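Q: Kindly return the folded structure for what I paste below:
(one chain, ligands or ions: 1)
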Amino acid sequence: MNPQEVLPICIAGEWRLGTGDRYGTRYPATGEVVAELNAASLADVEEAVQGAHHAFLTSGWAQRKPHERAAVLYRVAELIRAQAEPLAQRQRLDNGKPISETRALVASAAGTFQFFAAACETLEETITPQRGDCLTMSVYEPMGVVAAITPWNSPIASEAQKMAPALAAGNAVVVKPAEVTPLMALELARICEEAGVPRGLISVLPGKGSVIGDAITKHPLVRRVSFTGGTTTGKHIAHIAADKMMPVSLELGGKSPTMVFDDADLDHAVNGVLYGIFSSSGESCIAGSRLFVARSQYEAFIDRLAHGAAQLRVGDPADERTQMGPLITDRHRDSIESYVAAGVDEGGQLRTGGVRPDVAGLPNGYFYTPTIIEGLDNHARICQEEIFGPVLVAIPFDDEDDLIEQANDSVYALAAGIWTRDYKRAWRVARAVQAGNVWINTYKQFSIATPFGGWRDSGLGREKGRLGILQYMEQKSVYWGLNEQPLPWANH
Ligand code: NAD
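A: Residues are numbered from 1 along each chain as shown. Next comes the predicted model:
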């Protein structure tokens, strides 16, 4: 990538410089600028949304047969796979995740397009039971212009999860990637066009969320917003949506409990807990950031965990062996440090971590060590607020009822992990814990075929799953009169 070159953005199929402010995106491992671009301006938003509306009405995409749209989306999946390595390397530069992770995200984006192509060509509309002289049907229509607003932590996968079903459903899509990670959304738009998605149907508008994201959300022609990001932003979007009577899906924050019972396979549990909180440097909505361990096992388990955390390889994202890369920005690292300090102020003790490590050759990277804090109860600020970094709070528990009460004592309800060999208990706890996603004897596993979403402050609606495509469609009931005689009422 040539940092001297200013990247064009995609405004209703026109690839040109944005007319907003110029800024550079930085590689979090070095702090160096990897690409410069001009953000979108409000005028660009207007042009993109009007252009998307025009393309929706005139391109014929919505009128294509489902298998024809699907063929284009299968091609998107193939093109992503054909350039998987350069995409994964670019994503590494975009947000600093280790290369092993960005490869997985690219593969998942291809799988998402493949899955929603299949969902599109197999979606059935129904003839409903007849109760009069009418043939009655339930069919689905695209919505028009929909918006996809994404965060910085898993670009390409987040964007694919919204773009693929939205396009499969026949819509035009305006994508607003996080300001600091615009590169993969631009790549995906380029690939979609190359695969045959009509020009104008996709726009990618990097820029500040409070300006560009807000303007997209408020635009009268935008008929749905699919948002992934923080809870405060999600609530703001929900207010705007209420005023517009616009459906939204909101994938928001979490503070997910992981529960280790005394009969758990502790080897599996140690590995699972480490992966659940420290992979992606903890910058994951479903990070298992609150750990509850049966008191009888607590000391031994935390010892093993702290030892395991200290062994994790924090370092160069380009190195295939790296397990934790840098955090997204210096500012985000400051915020994580201030949470750790708040935990210590409230009486917590650092069991491991809590420092900026020296990483050879990368003195300016935004690195932070895996951190475990204990000695706090579930009401402490760092047990309640989302930190979105590699910080685990560990709490012992005495019995199952008390555990469930504590696990559910959070405004968030996104995910939960259960480690036990007792299958009856696993089922009982999985049903009692309030969370959109529960993992039993595993953690942070995903399937595009399985719906994903949160309860309460963790969100509204579901993404993924075969029926995920319906989020981007309006349902319509059709009554087709079969009467031989005129309707009787008017007697005319
Ligand atoms: P954020 O809410 O600050 O930003 C997310 C996106 O919204 C960005 O594109 C941003 O520019 C845009 N935005 C910001 N203000 C806006 C506004 N007023 N109107 C419209 N758009 C606006 O979140 P972030 O810091 O980028 O991401 C981290 C958060 O995302 C964490 O809370 C994390 O838990 C959450 N997240 C949730 C999921 C999930 O699936 N539940 C997945 C990943 C991340």
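Q: Who does residue 459 form a beta bridge with?
A: residue 251 (DSSP bridges).
Q: confidence score at it?
A: We have a pLDDT of 97 for residue 459.
Q: wait, doesn't it sit right on residue 250?
A: Yes - when contacts are counted by CB atoms under 8 Å, residue 459 is listed as touching residue 250 (4.5 Å). Where you see a C-beta, it was placed from the backbone N, CA and C, and this is true even at glycine.
Q: Those two: which is more packed in?
A: residue 459 (28 against 24; other CB atoms under 10 Å).
Q: for the nearest residue to residue 314 once chain neighbours are set aside, phi and psi?
A: Nearest-residue entry for residue 314: residue 324, 4.5 Å, with adjacent residues in sequence omitted and distances by CB to CB, 6 or more residues apart in numbering. Dihedral pair for residue 324: phi -130, psi 120, per degrees, to the nearest 10.
Q: neighbours around residue 324, how many?
A: 26.
Q: same deal with residue 375?
A: 16.
Q: Run through the bridge partners of the residue of the stretch 1-150 of the chain found nearest the ligand.
A: The minimum distance from the stretch 1-150 of the chain to the ligand, using CB to the nearest ligand atom, falls at residue 149 (4.7 Å). Assessed by DSSP bridges, residue 149 has beta-bridge partners residue 176, residue 227.
Q: contacting residues for it?
A: By CB atoms under 8 Å, 6 or more residues apart in numbering, residue 149 lies in contact with 175, 176, 209, 213, 216, 217, 225, 226, 227, 228, 229, 237.
Q: The residue nearest to the spatial centre of the chain and residue 164, how far apart?
A: Closest to where the C-alpha atoms of the chain average out (CA atoms, centre = their mean) is residue 158, at 4.6 Å. Going from residue 158 to residue 164 by CB to CB, to the nearest Å gives 11 Å.
Q: what do you get for residue 407?
A: 33 Å.
Q: Looking at the two now, which is surrounded by more residues?
A: Remark: of residue 407 and residue 164, residue 164 carries more neighbours, 31 against 24, as counted by other CB under 10 Å.
Q: my guess is that one meets residue 118, correct?
A: No - counting by CB under 8 Å, residue 164 does not reach residue 118; the two are 10.6 Å apart.
Q: tell me the helices in the stretch 351-492 of the chain, going along the chain?
A: Ranges of helices within the stretch 351-492 of the chain are 381-384, 400-408, 423-432, based on DSSP state H, counting those that start in this stretch.
Q: just the ones you listed: most buried one?
A: Neighbour counts (mean count of other CB atoms under 10 Å) averaged over each of these peak at helix 381-384, with a mean of 19.
Q: got the CA coordinates for it in CSV?
A: C-alpha atoms of helix 381-384 as CSV (Å, rounded to 0.1, in the frame of the first residue of the first chain):
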residue,chain,number,x,y,z
ARG,A,381,-17.4,-0.7,38.0
ILE,A,382,-15.0,-2.9,36.0
CYS,A,383,-17.4,-5.9,36.5
GLN,A,384,-20.3,-3.9,35.1
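Q: Can you tell me which helices and strands that helix packs against?
A: helix 330-345, strand 391-397 (3 or more CB pairs under 8 Å, 6 or more residues apart in numbering; DSSP states H and E).
Q: try it again with 6 Å
A: Applying 3 or more CB pairs under 6 Å, 6 or more residues apart in numbering; DSSP states H and E, we find helix 381-384 packed against helix 330-345.
Q: and the helix it packs on, anywhere near the ligand?
A: No - residues of helix 330-345 are not located near the ligand by CB under 6 Å from any ligand atom, the shortest gap being 8.1 Å.
Q: Put the alpha carbons of that helix into PDB.
A: The C-alpha coordinates for helix 330-345 follow below in PDB (Å, rounded to 0.1, in the frame of the first residue of the first chain):
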ATOM      1  CA  ASP A 330      -3.400   4.700  21.700                       C
ATOM      2  CA  ARG A 331      -6.500   6.300  23.100                       C
ATOM      3  CA  HIS A 332      -8.300   3.000  23.400                       C
ATOM      4  CA  ARG A 333      -5.300   1.600  25.300                       C
ATOM      5  CA  ASP A 334      -5.500   4.700  27.600                       C
ATOM      6  CA  SER A 335      -9.100   3.900  28.300                       C
ATOM      7  CA  ILE A 336      -8.300   0.200  29.200                       C
ATOM      8  CA  GLU A 337      -5.500   1.400  31.500                       C
ATOM      9  CA  SER A 338      -7.900   3.700  33.300                       C
ATOM     10  CA  TYR A 339     -10.300   0.800  33.800                       C
ATOM     11  CA  VAL A 340      -7.500  -1.300  35.300                       C
ATOM     12  CA  ALA A 341      -6.600   1.600  37.600                       C
ATOM     13  CA  ALA A 342     -10.300   2.000  38.600                       C
ATOM     14  CA  GLY A 343     -10.400  -1.700  39.500                       C
ATOM     15  CA  VAL A 344      -7.300  -1.400  41.600                       C
ATOM     16  CA  ASP A 345      -8.700   1.800  43.300                       C
END
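Q: Next, the buried residues of it.
A: Neighbour-count burial for helix 330-345 flags 332, 333, 336, 337, 339, 340, 343, 344 (criterion: 16 or more other CB atoms under 10 Å).
Q: Can you tell me what sits against it?
A: With CB atoms under 6 Å, 6 or more residues apart in numbering as the contact definition, helix 330-345 has outside contacts at 327, 354, 366, 368, 373, 381, 382, 387, 389.
Q: please redo it, this time with the cut-off set to 8 Å
A: By CB under 8 Å, 6+ apart, helix 330-345 touches 31, 283, 327, 350, 354, 356, 366, 368, 371, 373, 376, 380-382, 385, 387-391, 393.
Q: What about the ligand: which of the residues you listed touch it?
A: Restricting the contacts of helix 330-345 to those near the ligand - CB under 6 Å from any ligand atom - leaves residue 388.
Q: Quick check on the contacts of helix 330-345: which are buried?
A: 283, 327, 350, 354, 366, 368, 371, 373, 376, 380, 382, 385, 387-391, 393.
Q: Can you pull the residues of this protein lying near the ligand?
A: Going by CB under 6 Å from any ligand atom, the residues of the chain near the ligand are 149-153, 176-179, 209-210, 213-214, 217, 228-230, 233, 236-237, 251-254, 285, 386, 388, 414, 454, 459.
Q: one step back: which of the three states applies to the residue nearest to the centre of the chain?
A: helix (DSSP: H, G, I helix; E, B strand; the rest coil).
Q: Next up, the contacts around it.
A: 150, 151, 228.
Q: Let me see the confidence value for it.
A: pLDDT at residue 158 comes out at 97.
Q: got it, and residue 4?
A: For residue 4, pLDDT reads 63.
Q: Residue 491 too?
A: 86.
Q: That one: neighbour count?
A: Neighbour tally, residue 491, other CB under 10 Å: 6.
Q: Residue 280 versus that one, what's the distance?
A: The gap separating residue 491 from residue 280 is 70 Å, by CB to CB.
Q: ok, now residue 155?
A: Residue 155 is 12 Å from residue 280, by CB to CB.
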